[in-house]
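A.B. asks: The sequence and its predicted three-dimensional model are supplied below.
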Amino acid sequence: MSNIYTSRFIMLNDEVTNICFMKIPYNWVSRKYEYKWAMNFIDSDDICLDSACGLPHPFKFFLASVATEVYAFDISPNIVDKSYILHSISKFFDKDDIDKAEKYIDKINFSVANLISLPYPNNFFTKIFCIGAISNLSNIDLNICIKEFYRVLKNNGYLILTTDVPPTNIIKLINSISNNGFSFVGNLDLTKNENIFTTSLPSCNNCFRLLAKK
């Protein structure tokens, strides 16, 4: 179960991290698993994208601390207001983390956009990260989103994605990945057992991680 290249459900005994550039809030439990896994796939020479990155979320800053070029988008118009982003961070993180974010925020190229219409040229990114952001897409929009990821990713580039299941239909997601030209980097494992991670949400979601290559 330790192979980082396997696309599968997150398990309780998977590694976690309490720090992803900033100290992760204690109740962001799934992010401690998701970030730990996704952090394996960034390199210093990457041109990478944090998709639907959110305002206070730290992953874009982690990417900016490692990669050559970092792009991030969100549907919120406030994503292009750097002072508003720092204000949002202050609601979840302490002053030291805010100061760290302020040092890296100018390295990030922010855009207002949504998952089904990306404002980037074809074959642009070496890595695309999408952490917990596709869960509420309809099946039609999910397929459009995967097409867009494929379009803007360079050949041999990686898509690193996590999502809650439900609401994501995992079979629809897997079919969309395969039908749009991606291949899975490692094995695909849909096994569920008593060790599977379950969120504290009323819907008792599981969390799936997916690694695909163009």
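C.D. replies: Yes, it's here.
A.B. asks: so how far is the first residue of stretch 193-213 from its last?
C.D. replies: Its start and end residues considered, stretch 193-213 measures 27 Å (C-alpha to C-alpha, to the nearest Å).
A.B. asks: Could you do stretch 86-95 as well?
C.D. replies: Using C-alpha to C-alpha, one end of stretch 86-95 lies 10 Å from the other.
A.B. asks: who's in contact with it?
C.D. replies: 22-23, 25, 55-56, 58, 78, 97-98, 101-102, 105 (C-beta atoms under 8 Å, 6 or more residues apart in numbering). C-beta: built from backbone N, CA, C; applies to glycine.
A.B. asks: Just flag the most distant two among those residues.
C.D. replies: Distance extremes for these: the farthest pair is 23 and 78 at 22.8 Å, using C-beta to C-beta.
A.B. asks: Name the residues of the biggest helix by length in the chain that are buried.
C.D. replies: When the chain is parsed with DSSP state H, its longest helix is helix 139-152. The neighbour-count check on helix 139-152 (16 or more other C-beta atoms under 10 Å) flags 142-146, 148-152 as buried.
A.B. asks: Excluding sequence neighbours, find me the nearest residue to residue 47.
C.D. replies: In space, and not counting its chain neighbours, residue 47 is closest to residue 69: 4.4 Å by C-beta to C-beta, 6 or more residues apart in numbering.
A.B. asks: Could you verify my assumption that the one you found touches residue 45?
C.D. replies: No - counting by C-beta atoms under 8 Å, residue 69 does not reach residue 45; the two are 9.5 Å apart.
A.B. asks: In terms of packing, which of these two has more residues around it?
C.D. replies: Each of residue 69 and residue 45 has its neighbours counted (other C-beta atoms under 10 Å); residue 69 has more, 17 against 9.
A.B. asks: Quickly note the distance from that one to residue 187.
C.D. replies: Residue 69 is 31 Å from residue 187, where distance means C-beta to C-beta, to the nearest Å.
A.B. asks: likewise residue 23?
C.D. replies: 33 Å.
A.B. asks: More neighbours: those two, which one.
C.D. replies: Between residue 23 and residue 187, counted using other C-beta under 10 Å, residue 23 has the larger neighbour count: 14 against 10.
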